[in-house]
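[1] Just need the structure, nothing else, for what follows:
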Amino acid sequence: NITQPGTTYTENGLQPGYTVTISVIANGNGACGDSPAGTATCIANDCPTVDLQITSFASTNFCTGDPAVTLTANEPGATFTVNGKPDTTFDPSSLPAGTYTIEATLNNPPCIYTASVTATIYLTPVANFIMDANPLCNTNPATFTFTGTADAAANYTWDFGVGATPATATTVGPHLINYSTVGSKTITLVVNNNGCIDSQTSNLAVDEPIGTTLISCNSTTTNVDFNWSAVPGASGYDITITIKDDLGNIVSGPTTLNNQPGTNYSEGGLQPNYSVEIIVVPLGGGACGNGPAATATCFANDCPTVDLQITNFADTQFCVGDAAITLTANEPAATFTINGSPATIFDPNALGAGIYTIEATYINGPCTYTDTETATVYSLPVAAMTATPNPVCVNIATTISFTGSAGGSASYNWSFGADASIATAN
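    Okay, here's the model as predicted:
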C-alpha cells in the first residue's frame, strides 16, 4: 500500500502487455472515515511494429574466397551474429563451406526485434587436370584426369580441342581422347559448383609419326652404294650393316651406325657376289619416336665374263732346239707361268724334253681369269744303223739294225734301196 498525497501514480519497468490493477481509497479525516475503494486495470502498450530486415545480401549464395560482406539492417542500431557468434561482417573467404544463419537484433527496451537470413557458402572448385602425355603421338589416345577439388554435385564442361573424339565431355572423367589431326590443341575444363566456377586451359601438342624411307643401290664388283629418300621430320638415321659372302655366311656385322646425318652409305672392299644388307631407321624427335625401319639387300657385281686365251701356240708339239716363243694372251696385262714358275717365253731348247703346263693369269680388281695350254718338248732322234754282214753277196740276206736313239713314241720309215727283198718298213 502506498499513501500518496496527490492524485497520480506511474508504474515503470513493465513489459509490453503487462496489466496493472490500481485500487484508490481517499483518506477521510471525519467521522465517516475513508472512501470506498475505486479500482481500475490498465495494460502496458505492446511494442510498436518494426519490420527489421537484414539489407546486406543481394544473394545468399556465396563461394569460398568471396569478399567479406558488411552486415547492415534497415534499423541503424541493429547488431548481428553469425551462427550465434557476434560479428559485423559475413566473410566467405575466412569461413569453410557450409550453411550459416545471420541474425540481426534491434534492442529498443523493452522491445527487442530480430531478423535472420540463411546464407550458404559453396566450395569454390579447383579445375586442375593432367594429361598423361604432352606432346602426344596421334596414333595413341590421350588420357585427361581431373586432379582438382569439387563437390560431388559439381558440373564439368570439357573441351578437348580441334580433331578430338569425343570433342567434349560433361563428367569428371578420366577421359580417353583420340585426335585425327595434328598440331597444338587447346584443352579447357570449366567446373561449376552451384555457381562457383573455376577453369583451366592447357595446350597439348599432337605429333604425327614420321614416315619410312625408300632405299636404292648401285654396285660394282667391289662396292655397294646405298641411297635413301629423305624423311620429313627426321633428325637423322640409324643404319645397320651386315655383309655376307657368296655362300650366305656373315663376314661382318651386324654393325650399327647411330644418328647418321646424310641419306647415303657406301661399303667398299667387297668380293664379287658378296651381299650387303642395310637397315635404315629414321630418327624422330617428337612424341611418335622413330619411323619404321626400311631394309634393302644389294649384291656386289659378279666378275664380268673374260674369255682369256693364250694366243701364240699354233702347235703344242716342240723339239729340243726349237726357237723360243714369247708368251702372249688376248689380254695384254696377263702374266704367265710354266709348270708354276713365272715366265715370259717358252724356250724348248732351255726347257728340254718333257710335258709343260703354260698358264696365263689375268687379274682385274677382285676378278681373276686363267687359261692353260699343255706343250710337249721332244728330244731330237739320232738315225744310226748297222748291216750284218756288210758287205753281203747278192741274194744273201743281211740284217739291218737301228743303232741310234729315239723316244718310245718315235716312228721309223725305212727304205732299203733298189732290188731289196723288202723295199720299205715302218
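[2] for Pro348, phi and psi?
    Per-residue torsions, Pro348: phi -60, psi -30 (degrees, to the nearest 10).
[3] What about it, how many residues nearby?
    22 (other C-beta atoms under 10 Å). Glycine gets a C-beta too; all of them are placed from N, C-alpha and C.
[4] mind checking pLDDT for Val82?
    In this model, Val82 is scored at 97, pLDDT.
[5] just the one 5 residues further on next, same as before
    Looking at Asp87, its pLDDT reads 96.
[6] which residues sit in contact with Thr120?
    Shown in contact with Thr120 (C-beta atoms under 8 Å, 6 or more residues apart in numbering): 60-62, 98-100, 194.
[7] again but with Gly161, I slipped
    167, 179, 185-187, 204.
[8] Relative to Asp91, how far out is the nearest residue to Phe90 once chain neighbours are set aside?
    Using C-beta to C-beta, 6 or more residues apart in numbering and skipping residues adjacent in sequence, the residue nearest Phe90 is Val69, 4.7 Å away. According to C-beta to C-beta, to the nearest Å, Val69 stands 8 Å off from Asp91.
[9] Ends of stretch 259-273, what's the gap?
    Start-to-end span of stretch 259-273 (C-alpha to C-alpha, to the nearest Å) is 29 Å.
[10] Which of the three states applies to the residue positioned nearest the centre of the chain?
    Nearest to the mean C-alpha position of the chain, by C-alpha atoms, centre = their mean, lies Gly289 at 1.6 Å. Secondary structure for Gly289, judged by DSSP: H, G, I helix; E, B strand; the rest coil, is coil.
[11] my read: it touches Cys137, true?
    Yes - contact status for Gly289 versus Cys137: in contact at 7.4 Å, counting by C-beta atoms under 8 Å.
[12] residue contacts, Trp228?
    Counting by C-beta under 8 Å, 6+ apart, Trp228 touches 213-216, 237, 263-264, 280, 294.
[13] Tell me which stretches of the stretch 251-400 of the chain form helices.
    Secondary structure of the stretch 251-400 of the chain (DSSP state H, counting those that start in this stretch): helices at 348-351.
[14] Just list the residues touching Ser409, thanks.
    Counting by C-beta under 8 Å, 6+ apart, Ser409 touches no other residue.
[15] Tell me, how many residues neighbour Ala31?
    When neighbours are defined as other C-beta under 10 Å, Ala31 has 5 of them.
[16] For Asp307, the count of nearby residues, please.
    For Asp307, the count of nearby residues is 8 (other C-beta under 10 Å).
[17] correction: Thr81
    Residues near Thr81, counting by other C-beta under 10 Å, number 16.
[18] Helix or strand with the lowest mean pLDDT in this structure?
    One helix or strand of the chain scores below all others by mean pLDDT, DSSP states H and E: strand 424-425, with a mean of 72.
[19] Other residues contacting it?
    With C-beta under 8 Å, 6+ apart as the criterion, strand 424-425 contacts 412-416.
[20] Drop anything exposed from the contacts of Thr120.
    60, 62, 100, 194 (16 or more other C-beta atoms under 10 Å).
[21] between the residues you listed, which is nearest Ile25?
    Nearest to Ile25 among the buried ones among the contacts of Thr120 is Tyr100, at 59.4 Å by C-beta to C-beta.
[22] The closest one pairs with what?
    Here Tyr100 sits in beta bridges with Ala119, going by DSSP bridges.
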